Structures are given as C-alpha cells and as structure tokens.
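# pasting the structure only:
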Ligand code: SF4
Ligand code: SF4
C-alpha cells in the first residue's frame, strides 16, 4: 500500500519529503504550477515504492506508511492523495476539495499547530 500524507502538512508544506523521494512521486514540487495554491502535498499511490524515506524527513510526522495505518480522521486526505494529478485541473480541484472538506470536518485538529496534529490523530 502507498504512503499517505495527512493534515500536519497543511500549513507546513516544506517539501522536505520531496527532496528525499527516490521516484519523484510527491507533488506538487516547488517547480510545478500547482505548488503555490496547493494546500498540502500528495503522494501518488501507484508511483510510491514504499521505501519509507519520506517518513523521517517530515518535520511534523504527517506521513503514514499505508492506508491501513492512516487514522480514521485522515481518510479523506488519503483519498486526496489518490486523487491529485499535477497538470490535470479537475483532479487537482478534486484533491483540494477533499482537503477543504477535511478542514471543515476536523476543526479541533485544524486548530492545533501543525506540529501537534499527528499526536492528536489517534484521539480524533
Ligand atoms: S515511501 Fe518512498 S517512494 Fe513513497 S513517497 Fe515516501 S519517499 Fe517516495
Ligand atoms: S515533509 Fe511533511 S510537511 Fe513537509 S511537505 Fe512533506 S509531508 Fe508535508
């Protein structure tokens, strides 16, 4: 199963994971058109090779190692990871709509500083 980026990436989006991914499956990169407006980054589920390099690189523990290990509160964002395709406006809009809905559905998590959200996932 692919790795999944979750809500601590919102407000962080520092691309540390992009720099270590050996197969360039995390988007948008800083040099891609969608980077400025993307709320978070997304892992392409079919391109991810499950190497695990991105997990320790993330300063806010936003990345889970499978869909199964992704907390229930983050399932919409797992769907957003799967939906995002750079250069495809409808797919980008679909992913961003899922993120926007997550922000509305999880006000307590989103009120926390990004660095504190992962620790709160298990309780939400
Ligand atoms: S697990 Fe490896 S291949 Fe998958 S997104 Fe992370 S760094 Fe990239
Ligand atoms: S390292 Fe973490 S916070 Fe930074 S862009 Fe990647 S998933 Fe988002």
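Received it, and whenever you're ready, just let me know what you need. As the structure is a computational prediction, the values presented were derived from the model and not from experiment. Ligands and ions are numbered 1, 2, ... in the order given.
# For the rest of this, base every contact and every neighbour count on C-alpha atoms.
OK.
# ok, longest helix in the protein?
What stands out as the longest helix in the chain, according to DSSP state H, is helix 89-105.
# any idea how far residue 51 is from residue 72?
According to Cα to Cα, to the nearest Å, residue 51 and residue 72 sit 23 Å apart.
# same deal with residue 47?
In this view, residue 47 and residue 72 are 23 Å apart by Cα to Cα.
# now residue 103
Separation of residue 103 from residue 72 (Cα to Cα) stands at 14 Å.
# Could you do residue 6 as well?
11 Å.
# Compare those two (neighbour count), which wins?
Taking other Cα atoms under 10 Å, residue 6 and residue 72 do not tie; residue 6 has more neighbours (29 against 15).
# which residues touch that one?
62-64, 74, 77-78 (Cα atoms under 8 Å, 6 or more residues apart in numbering).
# re earlier: how about residues contacting the longest helix of the chain?
Counting by Cα under 8 Å, 6+ apart, 38-39, 74, 76-77, 79-81, 83-86, 110 sit against helix 89-105.
# Would you mind pulling up the elements that the helix or strand following it packs against?
Using DSSP states H and E, the helix or strand that directly follows helix 89-105 along the chain is helix 107-111. Judged by 3 or more Cα pairs under 8 Å, 6 or more residues apart in numbering; DSSP states H and E, the packing partners of helix 107-111 are helix 114-121.
# which parts of stretch 15-30 are buried?
Within stretch 15-30, the residues that count as buried by 16 or more other Cα atoms under 10 Å are 15, 17-18, 20-21, 24-29.
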